[in-house]
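Visitor: below is the sequence, then the predicted model.
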Amino acid sequence: VGNAMDRILDYSFLSLTTAADMLDEKARSGDPIITYHTEEKPVNPKPHEITTLKLNNNAISSLESLGSVVSQLLWFPEKLTMLDLSFNVLTVIPEELVQLPSVGVLYLHGNNIQKLAQVDKLSQLPQLKSLTLNGNELEKTPGAWRGRRSGDAECFCLFQQEKDLLNKKRLKYGGMRGPSGV
């Protein structure tokens, strides 16, 4: 059985601008399906099935064709449970994310998402339990956020009305981890 690192396909820090760029780049770690030069999926699952896709710290502004690209890269795209899109240049929450219904952890912090209403799209992700949005323009929306200190990390929480709305949509918001991991 592979270790946790075997389950990560890492395309971080590669200056990607779209999801399709993954098809032209070598992953920093992990083995995408195209490495095996075959279209057939294995009869027996690989011991290190990819469950995490890291696209953080790029210049991604579009996730057009994300579902198609993920299907070309992963043996079992339906097992993708964590997607890291932090520190890109997304201005909206892309509709394409709903093509990945098993994602339970989604990092969108450090982008340029401007409208809180964008979060509504994520209600179509039935497994979504954890979401980061700190460091986006929507933090500046008057009345949308309140800050509180938690150790050295600045935490942002939605006001109760938005929390209730999002909880109904199966989203869980808690304190956001700061750079020190606190």
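Guide: Yep, that arrived.
Visitor: can we go C-alpha only for contacts and neighbour counts from here?
Guide: Will do.
Visitor: show me where the protein has its helices.
Guide: Per DSSP state H, the chain carries helices over the ranges 66-73, 160-168.
Visitor: next, the buried residues of the shortest one.
Guide: So that's helix 66-73. Residues 66, 67, 69, 70, 72, 73 are the ones in helix 66-73 that count as buried (16 or more other CA atoms under 10 Å).
Visitor: ok, stretch 110-130 next?
Guide: Neighbour counts over stretch 110-130 (16+ other CA under 10 Å) mark 110-116, 119, 122-128, 130 as buried.
Visitor: burial count for residue 105?
Guide: Applying other CA atoms under 10 Å, we find 19 residues neighbouring residue 105.
Visitor: returning to what we had before: by mean pLDDT, show me the worst of the helices of the chain.
Guide: When these are ranked by mean pLDDT, helix 160-168 comes last with a mean of 50.
Visitor: of the buried residues of helix 66-73, closest to residue 18?
Guide: Here the nearest of the buried residues of helix 66-73 to residue 18, counting by CA to CA, is residue 66; it sits at 8.6 Å.
Visitor: from memory the closest one sits against residue 20, does it?
Guide: Yes - the pair residue 66 / residue 20 is scored as a contact, 7.2 Å apart, by CA atoms under 8 Å.
Visitor: run through the residues that contact residue 138.
Guide: Contacts were defined as CA atoms under 8 Å, 6 or more residues apart in numbering; by that measure residue 138 touches 112, 113, 114, 115, 116, 144.
Visitor: let's have the residues you listed in JSON lines, adding pLDDT.
Guide: As requested, the contacts of residue 138 are exported to JSON lines (pLDDT from 0 to 100):
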{"residue": "112", "pLDDT": "95"}
{"residue": "113", "pLDDT": "94"}
{"residue": "114", "pLDDT": "91"}
{"residue": "115", "pLDDT": "88"}
{"residue": "116", "pLDDT": "82"}
{"residue": "144", "pLDDT": "57"}
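Visitor: tell me the one of these nearest residue 95?
Guide: Nearest to residue 95 among these, counting by CA to CA, is residue 113 at 13.3 Å.
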